[in-house]
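Peer 1: generate coordinates for the sequence data below:
(chains A, B and C)
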Amino acid sequence: MPDTRFFDRSGPFSLSQLAEIGKARINEPLPPSLKLESLFYDVAPLEDAIENTVGVLHNSKYLKNLKFSRAGVCILEDKHIESAPQTAAILVTNTPYRSYALIAQAFYPEAFSCSYAANQETHIHPSANIGYNSKLEPGVIIAANVRIGVNTTIAANSVIGQGVVIGDNCQIGANVSISHSLIGNQVTIHAGTRMGQAGFGFFMDEAGHVQVPQLGRVLIEDRVEIGANVTIDRGSAHDTVIGAGTRIDNLVHIAHNVRLGKGCVIVAQVGISGSTNVGDFTAIAGQAGLTGHLKIGKGVRIAAQSGVMRDITEGMTVGGSPAVPVSQWHRQTIALQKLISKKERA
Amino acid sequence: MPDTRFFDRSGPFSLSQLAEIGKARINEPLPPSLKLESLFYDVAPLEDAIENTVGVLHNSKYLKNLKFSRAGVCILEDKHIESAPQTAAILVTNTPYRSYALIAQAFYPEAFSCSYAANQETHIHPSANIGYNSKLEPGVIIAANVRIGVNTTIAANSVIGQGVVIGDNCQIGANVSISHSLIGNQVTIHAGTRMGQAGFGFFMDEAGHVQVPQLGRVLIEDRVEIGANVTIDRGSAHDTVIGAGTRIDNLVHIAHNVRLGKGCVIVAQVGISGSTNVGDFTAIAGQAGLTGHLKIGKGVRIAAQSGVMRDITEGMTVGGSPAVPVSQWHRQTIALQKLISKKERA
Amino acid sequence: MPDTRFFDRSGPFSLSQLAEIGKARINEPLPPSLKLESLFYDVAPLEDAIENTVGVLHNSKYLKNLKFSRAGVCILEDKHIESAPQTAAILVTNTPYRSYALIAQAFYPEAFSCSYAANQETHIHPSANIGYNSKLEPGVIIAANVRIGVNTTIAANSVIGQGVVIGDNCQIGANVSISHSLIGNQVTIHAGTRMGQAGFGFFMDEAGHVQVPQLGRVLIEDRVEIGANVTIDRGSAHDTVIGAGTRIDNLVHIAHNVRLGKGCVIVAQVGISGSTNVGDFTAIAGQAGLTGHLKIGKGVRIAAQSGVMRDITEGMTVGGSPAVPVSQWHRQTIALQKLISKKERA
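Peer 2: Here you go, the predicted model:
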């Protein structure tokens, strides 16, 4: 069960409410002990769940946990109905993890707030404009001409530089630094992320590298989520842009002038070099690297640790370093393996 | 010599004290100028050492520095006694670097404290409980219901979130953010590390990725050391756990629900994906990446930059991306090299 | 155009002033509408430029943007004069991006300052010495015996540990932590960087890893620039040294005792292990990793994602993991590709 020192729980919800929240179908008939009005109090992993909680089978790897689960409600796909315990109500959906996410959100509507001592000063420049119901935690520093929307939280010891705009319903974590950035609504940025600093822009010269002033900004569209200790440099002339709904994991590096499309997923420790353009809904797995000035199409999938050095057309899946189409990458791996087996037999 | 602006030295220690502290044997006979009561004042690299200091040969690569060293005491393995200078007392041990570590600890018992201006306020919630002799540096922010043990230091501008528990004799560096975490005793966390933030957990959907509330915690067992700018996400349902005595280097990423065993060594820039389980005393070299939901056995060794995509059984050594047993990885490298040599001759 | 909420512009400059600042030659004859005294007001990308602004062709990939540019001045190499629009004055140079950098610096002499509320306290130890015209932003914490030169800025919420020395004309970003370090003049350090913490130094032992006190310092020479969220550990016995004019990108890890020469370029997410020595003007591309105790010569070039495990002699270019001379790496890639093509035909 979530630790109540950290999380405030809502609910309970009835079975029919859960079906509605999770956009799932209730499998009939129900077990004798349950009705549509039966109440449920929490979410839990299948193997830890108790009678009045909700569990999910989101990966068939965990089928063995389903059979013996004591969960009162199991969320699963149609094909797994037969494997569910007799005592559970079943919510059927093609996307069990999505339904679980929606239901868990209902139980735990807010997981980011924190109570601090009441009497702390903050450092807010008089020209800054802070919207209704927004909250600046202690140690937050707000420079001149900053504008912050409504219902936004800036966590402790974060620094917001001159002229930055942050929209409504945003959550900015602790010890974050933001400058030269315009941020939309419903954006979440986790602790320690750096945004808007000058990029790696200079003329290489043995007589002394010459700094190129970095004169763009960072634009973060609505509903973006950015992990902890990420770095996003501002543009050098154009802007660096993160498209609506994109999710970026921890320790990712986004260089100047990069443009990420909408709904992209960028896993931890990925690095994207300057001026590369990534299409909508592209997914880049952990520790992959992209060189600069590339054009990556929509819906591309890039495997973990790939080294991408060329443009990639829409919808392709690539892997390896240098990256090649994924089937080719797998054949390379197998060919290399056969090569050494042959040598051994010889 | 260590810079005394930064380090306070203890001592001196006699030769017999040094042998006892370093758990080493004194080689006899001693040089004519030295006795068991002779005093030594510092540690130093062999090539910089002077008469009354202690040096170590910890890597035979540095044998040439030993011969001409002026060190008063040399710590080394039995097989290198002949190479030591005639003027030095010799401490013999199978583990010279371990002996050096113990002796250097005695000379420099504390290397983490700092004097700041006395009149600074801190932001401590009235419900927080701070143990005897613990020290909060300026700018530290402590949320509601935090509990901190005795003799623990939280360095400047760090932020400790609601309900966090930190044990005795811990050292938390500057600008650290911790939330949703329970931390044991004798734990060291370096500057800029982020712990307890929500992990990368959502349902992928082109209509808008759906957040999965992250409801677990981070549990740090005793004697763990964590480097600078590391990210450790809290569990999504279970907890993220770091086993006793494990050491994590800088810029490492530990995703939600990962469990590291006891005594593991995780080198810089490694990334471990969600729910992967790592056995006791496993060592993972720099920039390696592990995908999610893996089971890595005890005592496994993973080479730098490996890409681990499958379970690994106890005691194995692996390398490459995708990772294979290390002998196989070396044969692949050689086979590839021969392949191009053959082509050239052809 | 740069966003004037973030950037203060200087100028205008005449065409002859621009040629002098950019160390470039004015191509004659000028277009009829322009004279040597014509004034220009800003820099801009070629495709966005308007009549009174200056653009640059720094990569022939962007030739198509040149032809239709409305820029009043175009900076380019001799061989591209014919491709320039008829309406623009042309500044000719062998190094267009360098000229652009110098001109953009003249238009935007300072891109790092910030106005904050005036009435904030800072936490400065009475023994600290802060030079004339240096500026400590709010939330900055300065420990005992720190010395800071003239015209240096320390941005908000940064922490400077005991005894640290920072020179003249330095720019230290927000939320930075520095300890055990001596820093020269004209050094820039971006937000969230950690410098001087103890390195990853211990004796590995299943009975409990034993800490080795880290007793060196970090020495940063003049004109170094360091990106955001970088980690540079202090030396264990010797110092960690970054040579004059070297540039380090975001999220780079520099371990204890590393020595980087002068004018090196270290791209994002590179990791350099302990005691490795890198020669002057060496360039290391993104995500490359170097193991410890290596000697890398002057002017070496290391490709992105390389895994360097051996010494490299002066002037070589290497790639791959394990890294080999770059021509060999390319032949390996091609051989592997042919191997799978052959299999398919068979």
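
Peer 1: hmm, A:L30 is touching A:L91, no?
Peer 2: No - with contact defined as Cβ atoms under 8 Å, A:L30 does not reach A:L91; the gap is 11.3 Å. In this view, the C-beta of every residue, glycine as well, is placed from N, C-alpha and C.

Peer 1: these two: which is more packed in?
Peer 2: More neighbours surround A:L91 than the other of A:L30 and A:L91, with 25 against 15 (other Cβ atoms under 10 Å in any protein chain shown).

Peer 1: for that one, give me its contacts.
Peer 2: A:L18, A:A19, A:G22, A:A24, A:R25, A:I26, A:N27, A:V73, A:C74, A:I75, A:L76, A:S99 (Cβ atoms under 8 Å, 6 or more residues apart in numbering or on different chains).

Peer 1: mind checking the SS state of A:A106?
Peer 2: helix (DSSP: H, G, I helix; E, B strand; the rest coil).

Peer 1: on that earlier part again, most neighbours of all the contacts of A:L91, which one?
Peer 2: Highest neighbour count within these: A:I75, with 31 neighbours (other Cβ under 10 Å).

Peer 1: quick one: secondary structure of it?
Peer 2: The three-state label given to A:I75 by three-state DSSP is strand.

Peer 1: any idea how far B:I340 is from it?
Peer 2: 53 Å (Cβ to Cβ, to the nearest Å).

Peer 1: ditto for A:I124
Peer 2: Applying Cβ to Cβ, the value for A:I124 to B:I340 is 64 Å.

Peer 1: wait, A:S179 sits on A:G196?
Peer 2: Yes - with contact taken as Cβ under 8 Å, A:S179 and A:G196 are classed as touching, separated by 3.9 Å.

Peer 1: distance check, the nearest residue to A:I124 once chain neighbours are set aside against A:K35.
Peer 2: Distances taken as Cβ to Cβ, 6 or more residues apart in numbering or on different chains put A:I142 closest to A:I124, at 4.5 Å, once the chain neighbours are dropped. Using Cβ to Cβ, we find A:I142 at a distance of 53 Å from A:K35.

Peer 1: now A:F200
Peer 2: Using Cβ to Cβ, A:F200 is found at 62 Å from A:K35.

Peer 1: of those two, which one has the most company?
Peer 2: A:F200 (25 against 12).

Peer 1: now do the more buried one against chain B, distance only.
Peer 2: 17 Å (Cβ to the nearest Cβ, to the nearest Å).

Peer 1: check A:L260 too.
Peer 2: Using Cβ to the nearest Cβ, one obtains 13 Å as the distance from A:L260 to chain B.

Peer 1: may I see the contacts of A:L91 organised as JSON lines, with pLDDT and distance to B:G319 added?
Peer 2: Compiled in JSON lines, the contacts of A:L91 are given as follows (pLDDT from 0 to 100; distance: Cβ to Cβ, whole Å):
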{"residue": "A:L18", "pLDDT": "97", "distance to B:G319": "48"}
{"residue": "A:A19", "pLDDT": "97", "distance to B:G319": "50"}
{"residue": "A:G22", "pLDDT": "93", "distance to B:G319": "44"}
{"residue": "A:A24", "pLDDT": "96", "distance to B:G319": "45"}
{"residue": "A:R25", "pLDDT": "96", "distance to B:G319": "48"}
{"residue": "A:I26", "pLDDT": "97", "distance to B:G319": "51"}
{"residue": "A:N27", "pLDDT": "96", "distance to B:G319": "48"}
{"residue": "A:V73", "pLDDT": "96", "distance to B:G319": "45"}
{"residue": "A:C74", "pLDDT": "96", "distance to B:G319": "41"}
{"residue": "A:I75", "pLDDT": "96", "distance to B:G319": "40"}
{"residue": "A:L76", "pLDDT": "96", "distance to B:G319": "39"}
{"residue": "A:S99", "pLDDT": "89", "distance to B:G319": "41"}
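
Peer 1: nearest to chain B among these?
Peer 2: Lowest distance from chain B to the contacts of A:L91 (Cβ to the nearest Cβ) belongs to A:S99, with 8.5 Å.

Peer 1: three-state assignment of that closest one?
Peer 2: A:S99 is classified as helix under three-state DSSP.

Peer 1: from memory it sits against A:I75, does it?
Peer 2: Yes - applying Cβ under 8 Å as the test, A:S99 and A:I75 come out as touching, 5.0 Å apart.

Peer 1: pull the contacting residues for the residue nearest to A:A283 when sequence neighbours are not counted.
Peer 2: Using Cβ to Cβ, 6+ apart and skipping the chain neighbours, the partner closest in space to A:A283 is A:V265 (4.4 Å). The neighbours of A:V265, taking Cβ under 8 Å, 6+ apart as the test, are A:T246, A:R247, A:T282, A:A283, A:I284, B:M204, B:H209.

Peer 1: buried only: go through those residues for me.
Peer 2: A:T246, A:R247, A:T282, A:A283, A:I284, B:H209 (16 or more other Cβ atoms under 10 Å in any protein chain shown).

Peer 1: tabulate the residues you listed (a markdown table), appending secondary structure.
Peer 2: Listed next are those as a markdown table, based on three-state DSSP:
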| residue | secondary structure |
| --- | --- |
| A:T246 | coil |
| A:R247 | strand |
| A:T282 | coil |
| A:A283 | strand |
| A:I284 | strand |
| B:H209 | coil |
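
Peer 1: show me which pair in those residues is furthest apart.
Peer 2: Greatest spacing in those, by Cβ to Cβ: A:I284 and B:H209 (14.4 Å).

Peer 1: the lowest-mean-pLDDT helix or strand in chain A packs against which elements?
Peer 2: Using mean pLDDT, DSSP states H and E, strand A:210-211 stands out as the lowest-scoring helix or strand of chain A, at a mean of 75. Counting contacts by 3 or more Cβ pairs under 8 Å, 6 or more residues apart in numbering or on different chains; DSSP states H and E, strand A:210-211 packs against strand A:202-203, helix C:96-107.

Peer 1: for the shortest one, name the packing helices and strands.
Peer 2: In this case it means strand A:202-203. With contacts taken as 3+ Cβ pairs under 8 Å, 6+ apart, strand A:202-203 sits against strand A:210-211, helix C:96-107.

Peer 1: just name the most buried of the ones you listed.
Peer 2: helix C:96-107 (a mean of 24; mean count of other Cβ atoms under 10 Å in any protein chain shown).

Peer 1: what is in contact with A:S99 and A:I75 at once?
Peer 2: Common neighbours of A:S99 and A:I75 (Cβ under 8 Å, 6+ apart) are A:G22, A:A24, A:V56, A:L91, A:T93.

Peer 1: could you give the bridge partners of the third one?
Peer 2: Meaning A:V56. Bridge pairing for A:V56 (DSSP bridges) gives the partners A:I75.

Peer 1: could you give the number of residues near it?
Peer 2: 30.
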